[in-house]
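Peer 1: Here is my input, please return the structure:
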Amino acid sequence: MSTGPAERGAFWRSPIGLALCVFLAVGAFYLWLEHRAHVLGWLPLLVPLLICLGVHFFLHRGHGGHGGPKGEA
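Peer 2: Okay, here's the model as predicted:
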């Protein structure tokens with residue numbers, strides 16, 4: 001009797017999945033400790049760029065992108 005994909009548990013609940021989550025969390029923690037001065041130094045330059053990208057994304061949602069209808073001149 002084999003178990004199908006629906007009968008098996010989630011990958012994240014398996015021992016390998018839990019070990020991977022712990023490894024990634026520890027790695028992210030040490031990356032943050034070692035590189036936070038660099039990240040925080042770039043933050044004033046990245047915030048306006050992210051704001052511009054967000055405004056561009058939200059303003060183009062209403063009319064379907066850059067191209068207009070084919071019939072307009």
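Peer 1: Report all helices and strands that the strand or helix carrying I16 contacts.
Peer 2: In the assignment (DSSP states H and E), I16 maps to helix 15-59. Where contact means 3 or more CB pairs under 8 Å, 6 or more residues apart in numbering; DSSP states H and E, helix 15-59 is not packed against any helix or strand. Bear in mind the C-beta positions are built from the backbone N, C-alpha and C, glycine included.
Peer 1: how far does it sit from the chain's center?
Peer 2: Here helix 15-59 is found 9 Å from its chain centre; the criterion is CA atoms, centre = their mean, to the nearest Å.
Peer 1: and what of stretch 50-60?
Peer 2: 16 Å.
Peer 1: in it, what counts as buried?
Peer 2: Under the neighbour-count criterion of 16 or more other CB atoms under 10 Å, stretch 50-60 has nothing buried.
Peer 1: averaged over its residues, what pLDDT does it have?
Peer 2: The average pLDDT for stretch 50-60 rounds to 86.
Peer 1: Could you export that stretch as CSV, CA atoms only?
Peer 2: Output of stretch 50-60 as CSV, limited to C-alpha atoms (Å, rounded to 0.1, in the frame of the first residue of the first chain):
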residue,chain,number,x,y,z
LEU,A,50,10.8,51.2,-3.8
ILE,A,51,8.2,53.9,-3.4
CYS,A,52,8.4,54.7,-7.1
LEU,A,53,8.0,51.1,-8.1
GLY,A,54,5.0,50.7,-5.8
VAL,A,55,3.3,53.8,-7.2
HIS,A,56,4.0,52.6,-10.8
PHE,A,57,2.6,49.2,-10.0
PHE,A,58,-0.6,50.5,-8.3
LEU,A,59,-1.3,53.3,-10.8
HIS,A,60,-1.1,50.9,-13.8
